[in-house]
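A.B. asks: Return a 3D structure for these sequence lines:
(one chain, ligands or ions: 1)
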Amino acid sequence: MKLEHLIRFDTAEDKIFLQEYLNDIDLIVFNANILCHQSTNKADTLYSSFPNKKFFIDPRLYSFQLNLSNIKNKAGKIKSSYMKLAIEYGLDYVIDSDTSLTIEQVLKHGLNKLSEDILDFQNNFINENLDSEMKEMISFSKQFRTPEILIAPAFCILDEKDLKWLDINKKLLDISLKVKDKYNKPLYANLIISKEILSNKKAITQILDIYCKADGMVFWIDDFNEVSINENIIENLISLLIYYKQKNQTKKIYSLYGGYLHQILFNFGLNGVCHSVAYGESKKINHGGGIPLSKFYLPMLYKRMQPESMIRLIRDIPIKTKKEFYEYICNCPICKKIINNDNIKLTFFSYLDDLEATDTIRRNAKYNCRSHYLEVKKKEFTLINTRTFEDLVKILEDTYKNISINHYMVKPEYIHLDRWIKVLKSYI
Ligand SMILES: [Zn+2]
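C.D. replies: Below you'll find the model as predicted:
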């Protein structure tokens, strides 16, 4: 068994990166709303650029349960991709009334209808949106593509009050399990919870006992930022994995948003971890906008760095030659291409991006940061799959010790490693 590498297809420009790293990806994940944007383009891409790659679709039903401002654009209008998704799910009245979905509405809507519409979407939407030429070609070969697994429709449970949605989720799962034979695919439960619920043992047991009925599970813990979470939260995630696996040894469990800490949790039965081309290792359910800046993923800290922190670090470490850069910072093919002489400070600018950067600088930084990130991720997954858990913890310990002794970083920048080590070490 190996840790599977999942990558989300978020934007049209992700295509070139996904193609480049296709051999390193086990599963491509599409968010349902993303598929609704430029649908024909996405559908054709799947056939022409990723012809043999397995994929699945995250239905994101909860988008209509939460505050609708999350799915609105800057002008305060519901984004067209979500409008289209609402129509696909038969939930257009949510958009028309501009108020989030309630339990009463869901019951009135009909759980059978909702389940079937959402499973049909996952199974058929891509093929229904192919351009006519492609469709004709595939109709001839009969090689239509469908997702590897189906994801059960589910609403999120963010606090104790939300537990009242659990009964709806249970019924949606039961119905989906009943109709899944029609699609001839495994059906995975869809766990969407907050850290608060993760820490509530009674609630989590209650939820997992229901979700265990499915053929596997995908999960997203709201705002699970690996760099800032405390030891208890890590413990709780490990308990979740252990509990699930005790009941379902052969069933798979995938994290939809996770970074290196999640990857190490392979040791506790986590089968796969998903991130985006542009990071996406954690996500807030109720999120605000902002201009995304490219940041350099620092392998030794397993986190993205602000440009100013990287400039300071390169000055303080002190790295004088490219050879030292490869040794202490990164020796991936992208870094070797960019840092190709001993003038590190100057060449490193190819990775830097800030609000004042010109479009060209920003475009280059974006490309470089993403390629470097995907190279490092590839290495990380290989490391997890070839070393023992003890080895992996030892590597973290050595890195932590090395940074502490050398004083080239301030403690808040690397203290998360200490929190990870404390928890992980107790399992050796
Ligand atoms: Zn690199």
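A.B. asks: Output the lowest mean pLDDT helix or strand found in this structure.
C.D. replies: Least confident helix or strand of the chain, by mean pLDDT, DSSP states H and E, is helix 132-141 with a mean of 86.
A.B. asks: Beyond it, next helix or strand please.
C.D. replies: For helix 132-141, the following helix or strand on the C-terminal side (DSSP states H and E) is strand 150-151.
A.B. asks: Determine the set of other helices and strands touching that following strand.
C.D. replies: If you count contacts as 3 or more Cβ pairs under 8 Å, 6 or more residues apart in numbering; DSSP states H and E, strand 150-151 packs onto strand 55-58, helix 111-128, strand 187-193. The C-beta positions use only the backbone N, C-alpha and C, and glycine is treated the same way.
A.B. asks: Apply 10 Å and report the result again.
C.D. replies: Judged by 3 or more Cβ pairs under 10 Å, 6 or more residues apart in numbering; DSSP states H and E, strand 150-151 is in contact with strand 55-58, helix 111-128, helix 166-179, strand 187-193, strand 216-221.
A.B. asks: quick one on the thing from earlier: mind listing residues that contact the least confident helix or strand of the chain?
C.D. replies: By Cβ atoms under 10 Å, 6 or more residues apart in numbering, the residues outside helix 132-141 that reach it are 40, 43-44, 47-48, 127-130, 143-145.
A.B. asks: Could you do stretch 199-211 as well?
C.D. replies: Contacting residues not belonging to stretch 199-211 are listed as 152, 154, 157, 159-160, 162-163, 166-167, 169-171, 173-174, 188-191, 193-194, 196-198, 217, 219, 232-233, 235-237, 239-240, 243-244, 247-248, 253 [Cβ under 10 Å, 6+ apart].
A.B. asks: buried sites along the least confident helix or strand of the chain?
C.D. replies: By neighbour count, with 16 or more other Cβ atoms under 10 Å as the criterion, the buried positions of helix 132-141 are 134-135.
A.B. asks: now that helix against helix 111-128, angle please.
C.D. replies: For helix 132-141 against helix 111-128, the angle by axes from the mean of the first three to the mean of the last three Cα atoms, to 10 degrees is 100 degrees.
A.B. asks: quick check, nearest of the contacts of helix 132-141 to the ion?
C.D. replies: Among the contacts of helix 132-141, Ser48 lies closest to the ion (Cβ to the ion), at 29.6 Å.
A.B. asks: where's the residue nearest to that closest one when sequence neighbours are not counted relative to the ion, distance?
C.D. replies: Distance criterion Cβ to Cβ, 6 or more residues apart in numbering; nearest residue to Ser48, sequence neighbours excluded, is Met134 at 7.7 Å. According to Cβ to the ion, to the nearest Å, Met134 and the ion sit 37 Å apart.
A.B. asks: hmm, back to that, filter the contacts of helix 132-141 down to the buried ones and hand me the PyMOL line.
C.D. replies: Command for PyMOL that selects the buried part of the contacts of helix 132-141, burial taken from 16+ other Cβ under 10 Å:
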select buried, resi 43+44+47+127+129+130+145
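A.B. asks: still on that earlier bit, and the least confident helix or strand of the chain, how far out from the chain middle?
C.D. replies: In this view, helix 132-141 has its centroid 32 Å away from the chain centroid, taken as Cα atoms, centre = their mean, to the nearest Å.
A.B. asks: what does stretch 181-195 give?
C.D. replies: 16 Å.
A.B. asks: The chain - how does it break down into domains?
C.D. replies: Domains of the chain are assigned by automatic domain parsing as 4-276, 296-425.
A.B. asks: Looking at those domains, spot the one closest to His287.
C.D. replies: His287 lies closest, by Cβ to Cβ, to one member of the domains of the chain: domain 4-276, at 6.3 Å.
A.B. asks: mind listing the helices for the stretch 301-428 of the chain?
C.D. replies: 307-316, 322-328, 333-338, 344-348, 359-386, 389-406, 411-425 (DSSP state H, counting those that start in this stretch).
A.B. asks: can you tell me which residues contact the nearest residue to Asp316 once chain neighbours are set aside?
C.D. replies: Distances taken as Cβ to Cβ, 6+ apart place Tyr408 nearest to Asp316, at 4.5 Å, with adjacent residues excluded. Tyr408 sits next to 312-319, 328, 402, 414 when contact means Cβ under 10 Å, 6+ apart.
A.B. asks: Quick check: the residue of the stretch 1-150 of the chain nearest the ion.
C.D. replies: When scored by Cβ to the ion, the stretch 1-150 of the chain has Tyr21 as its residue closest to the ion, at 13.6 Å.
A.B. asks: Can you check the pLDDT for that residue?
C.D. replies: On the pLDDT scale, Tyr21 is placed at 95.
A.B. asks: and it, how many residues sit next to it?
C.D. replies: Residues within reach of Tyr21, counting by other Cβ atoms under 10 Å, total 17.
A.B. asks: Give me the phi and psi for the residue nearest to Asp316.
C.D. replies: Backbone dihedrals for Tyr408, given as degrees, to the nearest 10, come out at phi -90, psi 0.
A.B. asks: Would you verify that Ile28 is located in a strand?
C.D. replies: Yes: under DSSP: H, G, I helix; E, B strand; the rest coil, Ile28 sits within a strand.
A.B. asks: Ile157 versus that one, what's the distance?
C.D. replies: Ile28 sits 27 Å away from Ile157, going by Cβ to Cβ, to the nearest Å.
A.B. asks: Met1 now?
C.D. replies: 29 Å.
A.B. asks: between these two, which one's more packed in?
C.D. replies: Neighbour comparison, Met1 and Ile157: the larger count goes to Ile157, with 26 against 8 (by other Cβ under 10 Å).
A.B. asks: so what pLDDT did the more buried one get?
C.D. replies: Here, the pLDDT recorded for Ile157 equals 98.
A.B. asks: Could you do Gly269 as well?
C.D. replies: You'll see Gly269 listed with a pLDDT of 97.
A.B. asks: Alright, calling it a day.
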